[in-house]
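Asker: A structural model of the following input is requested.
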Amino acid sequence: MYFITGLPKIVSTIPLEEEDSFQFLCCNRERIFILILRKVSLSIWQLKPLVQLTAYRRSDMSVKNLGINVSALWKPDSSAIVVQTSDGGLIFFTIDTRAADTECYMLEDAKNSRRESDELFVKEAVPYISMVPTTSILVQGGITCLEALRDNVMVAATSGIIQRIQWDGSVDDSLTIVLDRVPFSVDFPQSKKSYLSNASSVHVVDLEYSFLLGGFSLVLSNGRGALMTANHFEFRPESVQCVWVPSEPCAFTCTAVNHKYRLMAFGCANAQGALYCIEDQTEGIQLTHRLQLLDKDCPDMMAACGPVEDLNWTPDGCAIAMIWKKGGFAIWSVFGALITFCLTLVHEGVSRSVSALDWGTEGYTMWVADPKVVFMYNFTKSALSVNNCSTNRMYVLLQGDNSVMLNTGDRVVAQPHGSSSASGREAQHKLFSNKAWMVVQLPHRYMATNWPLRYTVVDADAEYIAVAGRYGIAFYHIAVRKWKTFSNDTAEQLFVVTGGLLWWRDFVICGCSNTKTKTHEVRFYSKTRALDHSSAVVWKSEAPVITMNAFQNMLIIFSADSRLTLCEMDRKAGDVPTIVINVLQIISTENICPHPYCVVSVDLTPVRTETGQKKHTGIREAESLLINVSGRLWIIQRDSSDPYKDVPADESVVTTSNVIPLLLSSCVETIWVHPSTISSKEKPQLCEALWMFCGAHGMKVSNAISLPTRWSGLVFERWIFFRFGCRYLRRTVPGGMPSFLGE
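Answerer: So this is what the prediction gives:
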């Protein structure tokens with residue numbers, strides 16, 4: 001979930017009397033720089049700190065020959081930019097970055113002044129950047145859209161072709177795709193292929209590439225959508241084929257691709273959105289859900305909003321922003337739960353319309369362009385969006401650009417003996433109610449060199465918070481309100497957290513990559529000791545760690561080789577507490593995981609599909625593995641016949657298992673399981689149930705319930721699902737605008 005915090009910040013304006021206007025804006029792949037287009041000029045800004053780095057104004061002759069600026073595209077390595085013009089022109093720019101010791105801005109102290117606080121030092125470098133035009137070309141028939149494919153630019157023209165142009169301006173005619181020569185089918189395997197009947201008048205209006213879908217999502221001028229794939233990685237014309245997207249009552253206007261969840265989003269002329277996925281069995285394209293406002297929010301959506309102008313996914317793929325032609329915007333979760341919307345923007349008494357939109361670093365900012373004003377919205381997002389572990393699901397934990405927000409409900413947080421409150425009296429407990437947010441500012445000394453914040457986790461007792469930025473980690477003790485960081489920048493820069501954070505007892509676990517040895521590790525740091533590498537426990541991993549989770553004394557690790565590693569953790573007491581790791585089992589997930597990046601979360605849970613096979617002892621054990629792959633929730637049962645289940649540490653055996661997983665549900669955003677280790681005797685079904693939030697499809701609750709049969713009082717098992725809708729209430733975060741939360 002994403003939530004707007006504070007009021008929008010005005011970044012740049014154009015006086016109303018001037019004829020100039022903002023045309024387009026877009027961030028580079030790393031989302032460190034943003035390009036802002038005007039009619040005849042363009043500028044590059046740095047997002048942290050927010051300063052303008054360079055600008056370029058085109059000559060009158062260039063504007064006369066090629067037209068005004070329309071849109072632009074970054075090269076994937078941010079070394080070049082191509083600008084599309086209104087008369088079918090392309091202007092290529094080279095981004096020249098000087099040496100690292102040359103900075104665009106220098107902070108100088110005034111005479112007789114001293115900076116005695118860390119906040120007064122700017123450690124983030126502001127590079128010197130210049131834009132140098134290299135070449136310009138004219139595309140016959142006009143240009144509709146641009147998309148980057150490796151070292152080339154895919155240029156769709158109104159003549160019904162897709163040209164391949166290199167970044168130096170040269171055109172490779174042998175790679176040009178002509179629509180009337182491309183076969184179209186309903187699905188991939190053995191489907192009858194046909195060709196466009198009126199190909200001379202049909203052309204591509206919008207396209208976007210996804211390496212996980214293996215092709216381009218297209219919108220054609222006749223209002224239909226398609227997925228263009230090829231059996232050759234260079235997309236040679238003879239190997240290209242298209243699969244139709246099921247048609248909607250209204251025409252498609254634009255498209256955007258979600259790589260992590262493997263979704264294709266299409267904006268419609270009736271102000272709604274439609275999202276599609278590839279069905280696993282038939283390999284056809286099917287509708288998953290729609291994006292639309294309810295009648296109570298907007299009675300006449302088409303009249304109030306107009307057609308969809310653009311769609312844009314957040315960097316983590318957990319939310320999508322939609323802008324309409326009449327000026328409003330809305331944000332939905334990945335599977336269609338409405339987060340917030342705004343039909344009109346008003347600035348200085350003037351109604352504004354959104355003409356372009358893009359997300360900043362880690363999704364903490366959203367840039368919105370009006371013809372005369374560029375706004376920047378600040379966002380906080382749920383820690384589950386990037387670190388979907390079990391302890392983060394027990395409380396509401398939000399992370400922002402420079403702060404962390406925690407809501408513990410009615411949790412009582414104890415202060416250590418000897419601590420004092422503000423009035424000087426000893427305070428034993430402190431109660432954080434469910435109507436108040438605890439806002440924790442991140443330490444400036446850590447964030448000055450490790451911005452942006454990437455991972456956040458809270459422990460099970462809501463006593464400690466751990467965060468990870470560009471390098472290293474930091475702890476926050478809630479009771480005493482103090483941060484614990486490494487002693488110097490060199491120690492912090494030893495590792496980069498890539499696989500998330502996790503609390504287990506008094507240790508924080510981080511899946512990381514060692515920058516010195518270039519190896520992949522899982523590190524354990526004790527919260528009771530100073531942050532130091534000498535007291536850390538390091539476990540080597542064969543592949544980069546993607547995500548982790550824990551249940552009781554068991555740790556599950558998912559790595560980039562598509563393997564689940566199940567480990568047992570044994571804490572050894574002493575002057576320096578340590579942990580012994582024993583690998584119990586390795587499970588391959590290649591049959592359900594198309595790419596490691598598609599894995600949303602992994603869980604060890606007491607949920608079991610067959611309740612009759614095991615006698616209830618009251619102790620909840622790890623019965624199954626749950627893995628969320630692109631919104632599809634799979635369960636891998638650890639049945640009683642598994643010889644490696646509950647094996648003592650000294651007899652553990654490492655094995656590779658190819659078990660058959662079971663698909664539980666689709667369109668799953670996140671799951672919850674009761675955190676207690678003791679099963680309830682009064683209501684075991686509720687404690688052992690699996691709760692799944694599915695966006696627009698509402699909430700699903702599933703459990704394996706024993707039902708009697710007609711034969712000799714036997715019991716058979718049935719996996720049943722309950723489904724109910726979510727009611728959305730207006731909630732606000734500190735200093736934020738109203739948003740929607742599911743209840």
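
Asker: can I assume A479 is in contact with A462?
Answerer: No - checked against Cβ atoms under 8 Å, the pair A479 and A462 is beyond contact range at 9.9 Å. Quick note: C-beta positions are derived from backbone N, CA and C, even for glycine.

Asker: Looking at these two, which is more packed in?
Answerer: Between A479 and A462, counted using other Cβ atoms under 10 Å, the more crowded position is A462 (22 against 16).

Asker: Isn't that one up against T408?
Answerer: Yes - the pair A462 and T408 qualifies as a contact (Cβ under 8 Å) at a distance of 4.5 Å.

Asker: Could you check the pLDDT of G6?
Answerer: In this model, G6 is scored at 87, pLDDT.

Asker: Give me the three-state assignment for it.
Answerer: Here G6 is recorded as strand under DSSP: H, G, I helix; E, B strand; the rest coil.

Asker: Likewise for V51?
Answerer: V51 is classified as strand under three-state DSSP.

Asker: Now do it against L584, distance only.
Answerer: 52 Å (Cβ to Cβ, to the nearest Å).

Asker: Can you give me the pLDDT of P708?
Answerer: pLDDT, P708: 47.

Asker: Over to V673?
Answerer: At V673, pLDDT is 84.

Asker: now do the one 3 residues further on
Answerer: Per-residue confidence for S676 comes out at a pLDDT of 65.

Asker: thinking S185 is in contact with K192, fair?
Answerer: Yes - applying Cβ under 8 Å, one finds S185 in contact with K192, separated by 6.6 Å.

Asker: Would you mind measuring from the most centrally placed residue in the chain to A383?
Answerer: By Cα atoms, centre = their mean, the chain has its centre lying nearest to D316, at 1.1 Å. Per Cβ to Cβ, D316 is found 11 Å from A383.

Asker: Same question for S62.
Answerer: With Cβ to Cβ as the criterion, S62 and A383 are 48 Å apart.

Asker: Out of these two, name the residue with the larger neighbour count.
Answerer: Between S62 and A383, A383 has the larger neighbour count (other Cβ under 10 Å), namely 29 against 16.

Asker: OK, contacts around the more buried one?
Answerer: Going by Cβ atoms under 8 Å, 6 or more residues apart in numbering, A383 touches 392, 397-399, 455-458.

Asker: cool, Y525 as well?
Answerer: 473, 507-508, 510, 531, 535-536.

Asker: Generate a PyMOL selection restricted to the buried subset of these.
Answerer: Here is the PyMOL command that selects only those of the contacts of Y525 that count as buried (16 or more other Cβ atoms under 10 Å):
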select buried, resi 473+507+508+510+531+536
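
Asker: Just the contacts of Y525: which are in helices?
Answerer: Of these, none are assigned to helices by DSSP state H.

Asker: related to what we said a few turns ago, what about the residue nearest to the centre of the chain, distance to S385?
Answerer: Plainly put, D316 is 5 Å away from S385 if you go by Cβ to Cβ.

Asker: Pull up the overlap in contacts between those two.
Answerer: Joint contacts of D316 and S385 (Cβ under 8 Å, 6+ apart) are G363.

Asker: Report the separation between I68 and D310.
Answerer: From I68 to D310 the distance is 19 Å (Cβ to Cβ).

Asker: N258 now?
Answerer: 15 Å.

Asker: Comparing the two, which shows the higher neighbour count?
Answerer: Neighbour totals were compared for N258 and D310, and N258 leads with 24 against 21 (other Cβ under 10 Å).

Asker: For beta bridges, what are the partners of the more buried one?
Answerer: As for beta bridges, N258 partners with L263 under DSSP bridges.

Asker: Now do the contacts for it.
Answerer: Counting by Cβ under 8 Å, 6+ apart, N258 touches 210, 264-265, 313, 317, 320, 334.

Asker: Identify, from those residues, the entry nearest to L293.
Answerer: L293 lies nearest to I320 out of these, by Cβ to Cβ, at 14.1 Å.

Asker: what helix or strand does the closest one sit in?
Answerer: Assessed by DSSP states H and E, I320 sits inside strand 319-324.

Asker: Where does pLDDT dip in the stretch 351-500 of the chain?
Answerer: 410-435 (pLDDT under 70).

Asker: Okay, helices next: where are they in it?
Answerer: 444-450, 489-492 (DSSP state H, counting those that start in this stretch).

Asker: Return the most buried member of the ones you listed.
Answerer: helix 444-450 (a mean of 19; mean count of other Cβ atoms under 10 Å).

Asker: Compare S185 and K192 (neighbour count), which wins?
Answerer: More neighbours surround S185 than the other of S185 and K192, with 17 against 8 (other Cβ under 10 Å).

Asker: what's across from the more buried one in the sheet?
Answerer: V243.

Asker: any idea how far I635 is from D561?
Answerer: In terms of Cβ to Cβ, I635 sits 21 Å off from D561.

Asker: V368 now?
Answerer: V368 is 41 Å from D561, by Cβ to Cβ.
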